[in-house]
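A.B. asks: Sequence first, then the predicted structure:
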Amino acid sequence: MMQQAQDFLSESEALYSLVASLSEQDFERKTAFKDWTINMVIRHLHLWNWASDLALKDTDAFQAFLVELRSDGGSLSEFEKKWVDGLSGQALVQTWHGFFSEMTARFDVADPARRVAWAGPDMSVRSSITARLMETWAHGQEVYDLLGVVRENADRIRNIVVLGVNTYGWTFNVRDEQPPQPIPHLKLAAPSGELWTFNAPSTTELIEGLAEDFCQVVTQVRNIADVELRVTGPNARNWMAKAQCFAGGP
């Protein structure tokens, strides 16, 4: 089994537990993320889970899907609504739930190092399912916030920390900037209380605090001013002001 696939499943199940008992009216409530409703969040997660699974199974079919998406002409949310044929509420949730359970089994037995296509550069199977975990966690945050529920994180968010560290260069490259060196040292407290450290030790370029806060900043679900990370050094401050662990424009 691939641990990242199991972590994706666990994170998806946690979000499912949050929304499984909501009323149909609740799904049309707007989150703080671009006024997306819960329906829009679940549609988005479901379509891109499906797309990742398609890339794993059939590269040509995935490329054909990208052509269809890019030639649609409407907004991404409109495309996603058409793609699920207007499915919403609990019917949508159950469809999403059934599919992410099935796709986990396929990723579980795939070669983690195998390359798969994506909308951006190709990536490994391990990176693909990690990206699905990250997006589920990040978009899940707006649902937790809307419902007034404080999420209890698990150490599986280490995958998101690693993704945040690995995209240090991307954060600056996407802005046509040179990544400043050295990359700051990280000292983060895991949900379990374990200490996670990354990059060369430094007292002049240093980010300390909760791993959850770091994940919220690199996924852009919280501003650095709204978390309790302790940030020392110009490179660290610059990174936390711009951090972006996902593809797309800055």
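C.D. replies: Looks like it arrived, so ask away.
A.B. asks: From here on, just use CA atoms for contacts and neighbour counts.
C.D. replies: OK.
A.B. asks: Give me the next element, helix or strand, following the longest helix along the chain.
C.D. replies: Longest among the helix segments of the chain by residue count, using DSSP state H, is helix 125-147. Using DSSP states H and E, the helix or strand that directly follows helix 125-147 along the chain is helix 158-166.
A.B. asks: Hey, what's the angle from the longest helix of the chain to helix 158-166? Just curious.
C.D. replies: Angle of helix 125-147 versus helix 158-166, following axes from the mean of the first three to the mean of the last three CA atoms, to 10 degrees, is 110 degrees.
A.B. asks: ok, and what's touching helix 125-147?
C.D. replies: For helix 125-147, contacts defined as CA atoms under 8 Å, 6 or more residues apart in numbering pick out 2, 4-5, 7-9, 11-12, 15, 18, 30-33, 38, 41, 45, 48-49, 52, 56, 107, 110-116, 150-151, 159-160, 216, 219, 221.
A.B. asks: swap in stretch 92-102?
C.D. replies: The contact list for stretch 92-102 (CA under 8 Å, 6+ apart) reads 9, 12-13, 16, 19-20, 39, 42-43, 45-46, 49-50.
A.B. asks: Columns secondary structure on top of those residues, output as JSON lines?
C.D. replies: Formatted as JSON lines, the contacts of stretch 92-102 follow (DSSP: H, G, I helix; E, B strand; the rest coil):
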{"residue": "9", "secondary structure": "helix"}
{"residue": "12", "secondary structure": "helix"}
{"residue": "13", "secondary structure": "helix"}
{"residue": "16", "secondary structure": "helix"}
{"residue": "19", "secondary structure": "helix"}
{"residue": "20", "secondary structure": "coil"}
{"residue": "39", "secondary structure": "helix"}
{"residue": "42", "secondary structure": "helix"}
{"residue": "43", "secondary structure": "helix"}
{"residue": "45", "secondary structure": "helix"}
{"residue": "46", "secondary structure": "helix"}
{"residue": "49", "secondary structure": "helix"}
{"residue": "50", "secondary structure": "helix"}
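A.B. asks: what would these look like in JSON lines with pLDDT, neighbour count and distance to residue 94?
C.D. replies: Conversion of those to JSON lines gives the following (pLDDT from 0 to 100; neighbours: other CA atoms under 10 Å; distance: CA to CA, whole Å):
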{"residue": "9", "pLDDT": "98", "neighbour count": "22", "distance to residue 94": "15"}
{"residue": "12", "pLDDT": "98", "neighbour count": "22", "distance to residue 94": "12"}
{"residue": "13", "pLDDT": "98", "neighbour count": "16", "distance to residue 94": "11"}
{"residue": "16", "pLDDT": "98", "neighbour count": "17", "distance to residue 94": "9"}
{"residue": "19", "pLDDT": "98", "neighbour count": "20", "distance to residue 94": "10"}
{"residue": "20", "pLDDT": "97", "neighbour count": "14", "distance to residue 94": "8"}
{"residue": "39", "pLDDT": "98", "neighbour count": "22", "distance to residue 94": "12"}
{"residue": "42", "pLDDT": "98", "neighbour count": "26", "distance to residue 94": "10"}
{"residue": "43", "pLDDT": "98", "neighbour count": "26", "distance to residue 94": "11"}
{"residue": "45", "pLDDT": "98", "neighbour count": "21", "distance to residue 94": "13"}
{"residue": "46", "pLDDT": "98", "neighbour count": "22", "distance to residue 94": "11"}
{"residue": "49", "pLDDT": "98", "neighbour count": "24", "distance to residue 94": "14"}
{"residue": "50", "pLDDT": "98", "neighbour count": "17", "distance to residue 94": "14"}
